[in-house]
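J.: Provide a 3D model corresponding to the input given below.
(chains A and B)
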Amino acid sequence: MSSYNFTEIEKKWQNYWDENKTFKVTEDPSFPKEKRMYVLDMFPYPSGAGLHVGHPEGYTATDMYCRYLRMNGYNVLHPMGFDSFGLPAENYAIKTGTHPEKTTVENIENFRRQIKSLGFCYDWDREISTHTPEYYKWTQWIFLQLYKKGLAYEAETPINWCPECKTGLANEEVKDGGCDRCGTPVTRKNLRQWMFQITEYGDSLLEGLNDINWTESVKAMQNNWIGRSEGANVKFKLEKGEGFIEVYTTRPDTLFGATYMVLSPEHSLVNKITTEEQKTAVEEYKQKAALKSDLERTDLAKDKTGVFTGSYAINPVNGDKIPVWISDYILISYGTGAIMAVPAHDERDWDFAKAFNLPIKQVVSEDGTVGELTEVYPAKDGIAVNSGKFNGMKTKDAIPAIIEWLDSEGIGHKSVNYKLRDWVFSRQRYWGEPIPLVHCPECGTVPVPEDQLPLTLPQVTSYEPSGTGESPLANIDEWVNCECPVCGAKSKRETNTMPQWAGSCWYYLRYIDPKNTQEFVSKEKESYWMPVGLYVGGAEHAVLHLLYSRFWHHVLHDLGLVSTREPFYRLINQGMILGEGGIKMSKSLGNVINPDDVINEYGSDSMRLYEMFMGPLEVTKPWATSGISGVSRFLHRVWDMANREISNEEPTTEQLKSLHKTIKKLTNDTSKLEFNTGIAQMMIFVKENYKDEKTNRAIFEPFIKLLAPYAPHIAEEIWEILGHKNTIANETWPEFIEELTKDDEITIVLQVNGKLRAKLEMPADISKEDMEKAAFENENIKLHTQDKTIVKVISIPGKLVNIVVK
RNA sequence: GCGAGCGUGGUGAAAUUGGUAGACACGCUAGACUUAGGAUCUAGUGCCUCGCGGUGUGAGGGUUCGAGUCCCUCCGCUCGCACCA
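T.: Predicted coordinates for the structure are as follows:
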């Protein structure tokens, strides 16, 4: 008997699939819409480190699912590519002088080799890399569509700056006050930026969440990130001189309790209203606030600080003269950058009032009476007090009533705010898509004409970012200097590049039509495949990539360029794979598992099986090398069975039942991506049939088909051993006969007062009466029911008899 | 603080509508085969007990003939956001 030489077998079939283009897919109109499925993996950034065991987890899951769908008559689009612009290649270039393209192409080769070594069923003819001019031509083109729609604008505002990466960051890229990529604490820097008005799409992005089948946690994260809140804008007149301070509040019902106001130190009114006596103190405070990092302004500084401006404003509801302060707990970027402080009912305002001895006035109470407040009372649903004509109203009624009154008086109106900020889109780096805009002294900002795209990256000698806020492109005179496409005047090109998110915002569309030179995607092909039916990837992109690409897609939909509003109908996040012992895998801990090593030792079929056997796809789970031996042993046994004498006899009923139960379980589990229990069932099948001296063809062949999506290489090889000429990948998934999935004899559980007392083997179709009769004849049941009164007998046919006694 | 999720053997985990808790696998124990084996095969393995039996799904309570599953209270862990007015 030949031994299971997985290395040879796996190479043989990978070559076969490649050469025969087994998984090439076309837009075949004979498949009805419901038999088309777009299954997408989040494409990797091709780092120098290569794949780790986390990558193949999601890829294996989608591969099994796709192979299963194909065997069930689906036309499946399942592509792979590379998110190949990005900082590591550029940083490596700075260190070594190697062009990032060279490093990137090498890394891609390595990634492709590793991915192919797992035998995934991608249509490699659709492979894309975001750094190629053929691809980023269309990234630039889409940018221009957003620009022309008025969604891109230039701004000189303080942005998050990573001193390590020497580039600006979007809000979404800041985690715990540090750079998402390198962890360096971010600082604030005033820079000219290209921004996307993603806030325009806040409601659209929020509402879209209702139409998609995503996990609650990711929806919740996006929901929180967008952070929509409803309230009112209210104007407070300044006591002296002209003008007013406008505030945003979600609790207009507490207006009567506003005893002071606070402006953000960056607020434009601060200089105007600060009195002569307070000038020095205010200036000092502003200076200090400007120097603090975001982290210091928030996490580290729970004690409130602030300075009085010397000015007063008038509370519009009661005419009270209230002081105006500045404090860095008020963010310039949220609402109007100014608040009315209601210390009685807001914890932050309470702390501030206590710190500076400001008055506290209760305007909401639980029962409508006024008492002495010893701590802040958030008053989410109370009754208005000390509030003039609104006294006695419930909070939920008082809010609209006050808004209506504010509106009629012309001092306020209903308003909606978002936590979501506009998207800082430009990066001061080299290795990214050049933003296709020209700055003309006559015409202003002018887009590069679409027929001149792609605007390619120039060769540079130094990749070092200037660090002053200009990319290395700024130093390439012959690239920067150009003619205005409109008037021909001497102009300069935009030197910022796009963030890495740009390429991944629309890559799933390019896979649909990757070689199209006329359009980013053809309409017919787009509507053939979209939306993505299943998208699998890491949870770390819950707000970043998944919010940005939804934004682009919503815009493309509004422009009539795509057929669906949402790009990804169903999303699943695979759980993280931890190192042995449940600790995070990291280079520094030296516990990183390299898939190449696992494949060399056990083969990729074992690797695939183990990745899915560890547990449910979505949960975090630790890698255990010892665990692979279980699935490896299983495959060896399957191999043994294939290499025995194959019998063409009629299978026994017992064999048929073993098979049909397995088909049923695998059909259910594979379609629901519950691969771990599916694999367990195949192990049971092998256990049940392994002891036979000969292998029965009639049950073994269907079994191998069930195995094919899971361990495709060994399945192909065995299929050939069994005498078949064609690939098993195109075979039809077996069907089960319900009748054969049921046992003739079943175990009936006998209980007394809910406690298990005996088990009986009985015919599956036994009647209730016969079950009960058998129960009462049982010795142990007799023992437990004697001398007791039988209150009730509960019988569930096919399950149990429970005798209730007293 | 807010939002989401999760607590089951020594370990990873199973468990239609509430109906035999621990499938499958790792590990462990014993045995077989072997010159040898970290190979393979067989049997056993939640805990307490010699056994009968008792007990057991984070803790406590409730509903029910019956709860890992449903309801309430609490505890613990993970992830995300965090002075968002």
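
J.: which residues in the stretch 1-150 of chain A form helices?
T.: A:6-20, A:55-71, A:87-96, A:100-116, A:133-148 (DSSP state H, counting those that start in this stretch).

J.: of all those helices, which lies closest to RNA strand B?
T.: RNA strand B lies closest to helix A:55-71 among the helices of the stretch 1-150 of chain A, at 12.4 Å (Cβ to the nearest atom of the strand). Any C-beta I mention is one placed from the backbone N, CA and C, and that applies to glycine too.

J.: hmm, that closest one in reach of RNA strand B?
T.: No - counting by Cβ under 7 Å from any atom of the strand, RNA strand B is not contacted by helix A:55-71; separation bottoms out at 12.4 Å.

J.: Deepest-packed of the helices of the stretch 1-150 of chain A, please.
T.: Across the helices of the stretch 1-150 of chain A, averaging neighbours per residue (mean count of other Cβ atoms under 10 Å) puts helix A:55-71 on top, at a mean of 24.

J.: Quick check: which helices or strands does that one pack against?
T.: The elements that helix A:55-71 packs onto, with contact taken as 3 or more Cβ pairs under 8 Å, 6 or more residues apart in numbering; DSSP states H and E, are strand A:36-41, strand A:75-77, strand A:534-537, helix A:604-613, helix A:653-671.

J.: Using PDB, write out every CA atom in that helix.
T.: Below are the C-alpha coordinates for helix A:55-71, written out as PDB (Å, rounded to 0.1, in the frame of the first residue of the first chain):
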ATOM      1  CA  HIS A  55      -4.600  34.900   7.000                       C
ATOM      2  CA  PRO A  56      -5.500  31.400   5.800                       C
ATOM      3  CA  GLU A  57      -8.300  31.100   8.400                       C
ATOM      4  CA  GLY A  58     -10.700  33.300   6.500                       C
ATOM      5  CA  TYR A  59      -9.400  32.200   3.200                       C
ATOM      6  CA  THR A  60      -9.900  28.500   4.000                       C
ATOM      7  CA  ALA A  61     -13.400  29.200   5.200                       C
ATOM      8  CA  THR A  62     -14.400  30.900   2.000                       C
ATOM      9  CA  ASP A  63     -12.600  28.300  -0.100                       C
ATOM     10  CA  MET A  64     -14.600  25.500   1.500                       C
ATOM     11  CA  TYR A  65     -17.700  27.500   1.000                       C
ATOM     12  CA  CYS A  66     -17.000  28.300  -2.600                       C
ATOM     13  CA  ARG A  67     -16.100  24.700  -3.500                       C
ATOM     14  CA  TYR A  68     -19.300  23.600  -1.800                       C
ATOM     15  CA  LEU A  69     -21.400  26.200  -3.800                       C
ATOM     16  CA  ARG A  70     -19.800  25.200  -7.100                       C
ATOM     17  CA  MET A  71     -20.700  21.500  -6.400                       C
END
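
J.: quick one: contacts for the residue in the stretch 501-650 of chain A that RNA strand B sits nearest to?
T.: Relative to RNA strand B, the nearest point of the stretch 501-650 of chain A is residue A:630 (2.5 Å; Cβ to the nearest atom of the strand). Applying Cβ atoms under 8 Å, 6 or more residues apart in numbering, we find residue A:630 in contact with A:610, A:613.

J.: Make sure I have this right: residue A:758 is in a helix.
T.: No - according to DSSP: H, G, I helix; E, B strand; the rest coil, residue A:758 belongs to no helix; its state is strand.

J.: what is the rounded mean pLDDT of stretch A:713-726?
T.: Mean pLDDT, computed over stretch A:713-726, is 96.

J.: Could you list the residues in contact with that stretch?
T.: Residues outside stretch A:713-726 that contact it (Cβ under 8 Å, 6+ apart): A:4, A:6, A:9-10, A:12-14, A:16, A:119, A:603-605, A:635, A:638-639, A:642-643, A:646, A:697, A:700-701, A:704-705, A:707-708, A:727-729, A:731.

J.: from the helices and strands packed on helix A:55-71, which stretch is densest packed?
T.: Ranked by mean neighbour count under mean count of other Cβ under 10 Å, the helices and strands packed on helix A:55-71 are led by helix A:604-613, which reaches a mean of 26.

J.: So which elements touch that helix?
T.: Using 3+ Cβ pairs under 8 Å, 6+ apart, helix A:604-613 sits against helix A:6-20, helix A:55-71, helix A:595-602, helix A:625-642, helix A:675-689, helix A:712-721.

J.: when you scan that helix, is anything in it near RNA strand B?
T.: Yes - applying Cβ under 7 Å from any atom of the strand, one finds that helix A:604-613 is in contact with RNA strand B at residue A:613.

J.: Convert the C-alpha atoms of that helix to CSV, please.
T.: Only the C-alpha atoms of helix A:604-613 are listed here, as CSV (Å, rounded to 0.1, in the frame of the first residue of the first chain):
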residue,chain,number,x,y,z
SER,A,604,-2.0,21.8,3.4
ASP,A,605,-5.0,19.6,3.6
SER,A,606,-4.2,19.0,7.3
MET,A,607,-3.6,22.7,7.7
ARG,A,608,-6.9,23.6,6.2
LEU,A,609,-8.8,21.0,8.2
TYR,A,610,-7.1,22.0,11.4
GLU,A,611,-7.8,25.7,10.9
MET,A,612,-11.5,25.0,10.7
PHE,A,613,-11.6,22.2,13.3
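
J.: All good on my end, thank you.
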